[in-house]
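Participant: after the sequence you'll find the predicted model.
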Amino acid sequence: MKFILALAAMIAAATAFAAEPLFKGDAAKGQGIVNQVCAACHAADGNSQIAANPKLAGQIPEYLYKQLTDFKAAAGKKAERENAVMAGMVANLSPDDMRNLAAYFAGQAAKPGAAKSKDLVALGQRLYRGGIASEGIAACASCHGPDGAGMPAQYPRLSGQQAEYVSAQLKAFRSGARANDVSATMRGVAGRLSDREIDAVADYIAGLR
């Protein structure tokens, strides 16, 4: 029953987000900010070569915008997503700057990645495509799509994402260190996954296309 209710909540949230207006941002202005602020860690085209840093190319713009705003602390209120490095990066960015960055990265072509562990990838595929209903673990594909393209505007693109980054984020959701997921959806899923299952699904996602 918990599994069914969680899945219903995901679908309802996605429907609400889908009704929002089309995202607007100036990619050309965003590129200027990327060259000054973002390229060293995420690469100029958003295809980061650093395993700990996420690839941003081709990401859903609404999702990117939300993450940027969540990294920024408001007056008298801590950031929704706490990260010392990113807090410094967004400190001087306006909402328009963030929209422009999101539009720029969303328009870049994402380069494919590859799974590395033959021992884990089969388990990762089962988790991604089917979940484990008996344990209340929803299939990743139910929200992020069978090819990892994501679901605008709430669920991010995962296809080809860095395995190390995905693993770290799932473990952060599991521990509660990251808590900016809508309706605690990811915390609920990750909280039921073991380290091996997390590493397996992260490796599978890296090669998903």
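Facilitator: Nice, I can see it. Numbering: from 1, shown residues only.
Participant: centroid residue for this protein?
Facilitator: Centroid-nearest residue in the chain: Pro156, 4.6 Å away (criterion: C-alpha atoms, centre = their mean).
Participant: how about that residue, what does it touch?
Facilitator: Contact analysis of Pro156 by C-beta atoms under 8 Å, 6 or more residues apart in numbering lists 59-60, 63, 144, 150. Heads up, the C-betas are built off the backbone N, CA and C, glycines and all.
Participant: what's the closest of those to Ala202?
Facilitator: Distance to Ala202 across these (C-beta to C-beta) is lowest for His144, with 12.7 Å.
Participant: tell me the spacing between the closest residue to Arg129 other than its chain neighbours and Ile205.
Facilitator: Nearest residue to Arg129 in three dimensions, chain neighbours excluded: Ala141, at 5.3 Å (C-beta to C-beta, 6 or more residues apart in numbering). As for Ala141, its distance to Ile205 is 11 Å (criterion: C-beta to C-beta, to the nearest Å).
Participant: pLDDT score for the residue nearest to the centre of the chain?
Facilitator: The confidence metric pLDDT takes the value 97 at Pro156.
Participant: again with Ile11
Facilitator: The model reports Ile11 with a pLDDT of 51.
Participant: show me the shaky parts of the protein.
Facilitator: Scanning the chain with the threshold set as pLDDT under 70 gives 1-21.
Participant: so what's Val121 up against?
Facilitator: 115, 200, 203-204, 207 are the contacts of Val121 under C-beta under 8 Å, 6+ apart.
Participant: same deal with Ser48?
Facilitator: Counting by C-beta under 8 Å, 6+ apart, Ser48 touches 41-42, 54-56, 162.
Participant: for ChimeraX, write the selection for the buried entries among those.
Facilitator: With 16 or more other C-beta atoms under 10 Å as the criterion, this ChimeraX line picks the buried residues out of the contacts of Ser48:
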select :42,54,55,56,162
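Participant: quick one, helices of the protein?
Facilitator: 2-18, 27-33, 39-42, 61-71, 84-90, 95-106, 118-130, 141-144, 163-175, 185-190, 195-206 (DSSP state H).
Participant: quick one, domains of this protein?
Facilitator: 2-16+113-206, 27-106 (automatic domain parsing).
Participant: name the nearest residue to the residue nearest to the centre of the chain, sequence neighbours excluded.
Facilitator: The shortest distance from Pro156 to any non-neighbouring residue, by C-beta to C-beta, 6+ apart, is to Tyr63 (4.4 Å).
Participant: hang on, the earlier thing: now the contacts of Pro156 in TSV, with neighbour count and distance to Gln31?
Facilitator: Formatted as TSV, the contacts of Pro156 follow (neighbours: other C-beta atoms under 10 Å; distance: C-beta to C-beta, whole Å):
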residue	neighbour count	distance to Gln31
Gln59	22	15
Ile60	22	18
Tyr63	21	19
His144	20	27
Gly150	20	22
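Participant: now those in a markdown table, with distance to Asn83?
Facilitator: Compiled in a markdown table, these are given as follows (distance: C-beta to C-beta, whole Å):
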| residue | distance to Asn83 |
| --- | --- |
| Gln59 | 17 |
| Ile60 | 20 |
| Tyr63 | 16 |
| His144 | 22 |
| Gly150 | 21 |
